[in-house]
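Visitor: Could you look at this predicted model? Sequence included:
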Amino acid sequence: MERVNLVLGKEVKIINIAPIENSYASVEKGRKDILTDGSIGDPTDCYGGDWVHFYRGVGRRLLIDLEEIKSVDGFDIGFIHDRAAGIYAPEFVKFYLSLDGNDYFEVAEVKAPYEASFSEKVRAVYSGNINACRARYIMIEFYVEVNAFCDELRVFGGDCIGIEGELSGKVFSDVNKNCFAPRDVLEGIHDIPLLYFGYWPEDERVAKLKKDDFLPYLAYIDREKNVKDTMFDGLMFLIVQGRCPSGGCLGYHGAPNYLSDWEFILDELFADGQNLKAYDQAVEELKKTLSLPKDYKHKFYLTAPVPKISHEPFGDLNGDGIEEKLLTTEDCINAYAWFIDETIKRFNAEHFENIQLDGWFWVNESASRANRDDEEFFATGCLNELHKRNQKCIFIPYFQAGGCEKAERIGFDCTTMQPGLSFQSVLGLNPEGMFNDFTKLCKKYGFGVELEIHHGVKNEATKEQYGKLFDEYLLGCIRNGMMTETVHTYYQAAGPGVFHYCAHAEDDYQRAIYDKLYKFIKGTLTEEDIIGSPEKTYPTEPEAEELISKPEEITEEIISEPESVAEEANDVILDDFDEEPYVDFEQAEEYAFDSEAIEKKKKKLKKYLAIGAAIAAVAGIAYLISKAFRDKK
């Protein structure tokens, strides 16, 4: 039997694991019909014409019909790996065969030849040889961290000669829960806004929540500030931007943090007159005002810092007088468990009568290998420690975040996904269609929703622009059933939050946002309550296309105005990228990095600068001559 490439020139059907038709489809560049043309691409030139670009969509399945039964015994496929540009070779590639196009049998799984942290720009080849099998249909499956660039797929074999084995083993089965995160997954807690505390010496208002700050979250207040009803039934405390006294970062990126930083955060959390103690006092007053049961307790969730591998002394975790170093992932998991134990110990010692610690928020917004090579192992280990202590954990990935499909396997008790509509212009082109993509993804994996409101709502010039975007979240959830069928978390910036601002606003438009939110929480908001407001002011298509064509400007924009794509809670009021700049698609950039285009723009900019400098020089000389002439006169 002559061994040949069976798929050379064959048509490839591409299936998105999660829909992108109404959201990210326009971001993908280049042709899709070159995966079997026999050309191998240059990994230094992702837009050179030999690479097929895949952006988000969780992953892809490539289907090929050989048109007749053949003997199949191997395959290979190539991808770019270029970490600096946010292009990651897939974690693994799975190879399936089928006789009838219905039942596909997994015959090989090939892991990435490089870790995600590998810093060189290379073509990563996934290849496998198998015992010859009879098959007509081929399926290749891989997951997309952010961007994937694939050049060539080859499948090897020839005519059947009677020695081929029959297909057997694991049969492909697609995940589709066909439901959102159950409404009662958090045992009665349905609506959880994100509030911030921590270290912010420039303005303590940002990081120290007082009793009155909690009122518009615990209670629905009318325009005269009278308490009329309960509001959110849970709260979540995040460490603002991950900042800490040592100058490190308590989130995923930036410099290492230390035990002294952790102790500072705990001291702030339990300090008199603020944060948890102020929260407890506010709930006590709420109970009296609304005559709530004496045993009523408001539930909340906390955030743990992210321990990082470092050769620097971290601190004395076990009290033996010797400072430990976090040298392995296991060390980091043990440190994480220490923080959980210390928090629970301090909380129990306070004997709070009105609030209850119900669980934790996972600080990262993806489960991608872009964060750390063993991200799944680390996250699973930390969640195991939480579950040993009967603590829940909520995961809030951004829209189609890398690794989001692993949420249940890792062990998260509840996942609410960020649509990102308020922060990504390309998604605002077709909000209703985008929410269709979003709904399908959430139902596929059993996610709830995070509603996000942009701090621009507080600004007179932009309040309606961003208010209309928030309306689209409300409308989308009403139309797809998420208002009443699942759990909601809420991003609303810091200091002490946009909803707090709207509750106290004199402006009718801003105040109406708080009133609509109350109805949404109670499940009574209707489309009629929303529709009929001023004309929408979404970005126009040319504006969005301009963003797509200027990746270097997008990076700068997201670094200064994050949320949904940046690490931690991404407070848009406060710059969330105070750590060293890190060009990483999973955390900072939203579109494929076109290095050639950027270099051209840099050269053009240098040219303009040179021309400008020359003009300035001529103008300067002219001025000096003129001045000398006047002085002479």
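Guide: Sure thing, it's come through. Numbers count the residues shown, from 1 in each chain.

Visitor: Could you report the separation of the residue nearest to the spatial centre of the chain from Y490?
Guide: Closest to where the C-alpha atoms of the chain average out (C-alpha atoms, centre = their mean) is Y398, at 2.9 Å. Here the distance between Y398 and Y490 works out to 15 Å (C-beta to C-beta, to the nearest Å). Backbone N, C-alpha and C define where each C-beta goes, glycine included.

Visitor: re the thing from before, which residues does the residue nearest to the centre of the chain bridge with?
Guide: Partner residues in beta bridges with Y398, using DSSP bridges, are Q418.

Visitor: what's the spacing between it and S425?
Guide: Relative to S425, and taking C-beta to C-beta, Y398 is found at 15 Å.

Visitor: One more: G319?
Guide: Summarising the geometry, the distance separating G319 from S425, computed by C-beta to C-beta, is 52 Å.

Visitor: and the two? which has more neighbours close in?
Guide: S425 (20 against 6; other C-beta atoms under 10 Å).

Visitor: per-residue confidence at that one?
Guide: Each residue has a pLDDT score; the one for S425 is 89.

Visitor: Quick check: phi and psi on it?
Guide: S425 has phi and psi values of phi -60, psi -40 when expressed as degrees, to the nearest 10.

Visitor: now for the helix or strand hosting K299, which elements pack on it?
Guide: The secondary structure element spanning K299 is strand 298-303 (assigned by DSSP states H and E). In terms of contacts (3 or more C-beta pairs under 8 Å, 6 or more residues apart in numbering; DSSP states H and E), strand 298-303 is packed against strand 234-239, helix 275-290, strand 355-361.

Visitor: who does the first one pair up with?
Guide: Strand partners for strand 234-239, identified by DSSP bridges, are recorded as strand 191-197 (parallel), strand 298-303 (parallel).

Visitor: Just the mean pLDDT for the first one, thanks.
Guide: Rounded to a whole number, the mean pLDDT of strand 191-197 is 97.

Visitor: The shortest one now?
Guide: The average of the pLDDT scores along strand 298-303 is 98.

Visitor: Just the C-alphas of that strand, formatted as PDB.
Guide: What follows is the C-alpha trace of strand 298-303 in PDB, where atoms were taken according to Å, rounded to 0.1, in the frame of the first residue of the first chain:
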ATOM      1  CA  HIS A 298     -26.700  38.200  54.700                       C
ATOM      2  CA  LYS A 299     -24.200  36.000  52.900                       C
ATOM      3  CA  PHE A 300     -21.000  37.100  51.300                       C
ATOM      4  CA  TYR A 301     -18.000  35.800  49.400                       C
ATOM      5  CA  LEU A 302     -14.300  36.800  49.700                       C
ATOM      6  CA  THR A 303     -11.300  36.800  47.500                       C
END
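
Visitor: circling back to that earlier point, compute the inter-axis angle for the strand holding K299 and helix 275-290.
Guide: 160 degrees (axes from the mean of the first three to the mean of the last three C-alpha atoms, to 10 degrees).

Visitor: could you point out which element follows strand 298-303?
Guide: In the C-terminal direction, the helix or strand that comes right after strand 298-303 (DSSP H and E) is strand 313-315.

Visitor: Check which residues of that following strand are buried.
Guide: F314, G315 (16 or more other C-beta atoms under 10 Å).

Visitor: Likewise for stretch 226-242?
Guide: Using 16+ other C-beta under 10 Å as the test for burial, stretch 226-242 gives 227, 230-232, 234-242.

Visitor: okay, who's weakest in those by pLDDT?
Guide: The weakest per-residue confidence within the buried residues of stretch 226-242 falls on Q241 (82).

Visitor: Shouldn't that residue be within a helix?
Guide: Yes. Inclusion of Q241 in a helix is indicated when DSSP: H, G, I helix; E, B strand; the rest coil is applied.

Visitor: any idea how far it lies from C332?
Guide: Separation of Q241 from C332 (C-beta to C-beta) stands at 21 Å.

Visitor: Tell me what the closest residue to I192 other than its chain neighbours is bridged to.
Guide: Setting aside the residues directly before and after it, I192 is nearest to G234 in space (C-beta to C-beta, 6 or more residues apart in numbering), at 4.0 Å. Counting by DSSP bridges, G234 is bridged to K299.

Visitor: Return the residues in contact with G234.
Guide: For G234, the contact set (C-beta atoms under 8 Å, 6 or more residues apart in numbering) comprises L186, I189, H190, D191, I192, H298, K299, F300, Y301, D358.

Visitor: Render the CA-only coordinates of stretch 499-516 in PDB, please.
Guide: C-alpha atoms of stretch 499-516 as PDB (Å, rounded to 0.1, in the frame of the first residue of the first chain):
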ATOM      1  CA  PHE A 499     -25.000  51.200  41.500                       C
ATOM      2  CA  HIS A 500     -24.400  53.200  44.800                       C
ATOM      3  CA  TYR A 501     -23.900  56.300  42.700                       C
ATOM      4  CA  CYS A 502     -27.100  55.700  40.700                       C
ATOM      5  CA  ALA A 503     -29.100  55.100  43.900                       C
ATOM      6  CA  HIS A 504     -28.200  58.500  45.200                       C
ATOM      7  CA  ALA A 505     -28.300  60.300  41.800                       C
ATOM      8  CA  GLU A 506     -30.400  63.400  41.400                       C
ATOM      9  CA  ASP A 507     -30.400  62.800  37.600                       C
ATOM     10  CA  ASP A 508     -33.500  61.000  36.400                       C
ATOM     11  CA  TYR A 509     -31.600  58.900  33.900                       C
ATOM     12  CA  GLN A 510     -29.000  57.600  36.300                       C
ATOM     13  CA  ARG A 511     -31.500  57.000  39.100                       C
ATOM     14  CA  ALA A 512     -33.700  55.000  36.600                       C
ATOM     15  CA  ILE A 513     -30.800  52.500  36.300                       C
ATOM     16  CA  TYR A 514     -31.100  51.700  40.000                       C
ATOM     17  CA  ASP A 515     -34.800  51.300  39.700                       C
ATOM     18  CA  LYS A 516     -34.600  49.000  36.800                       C
END
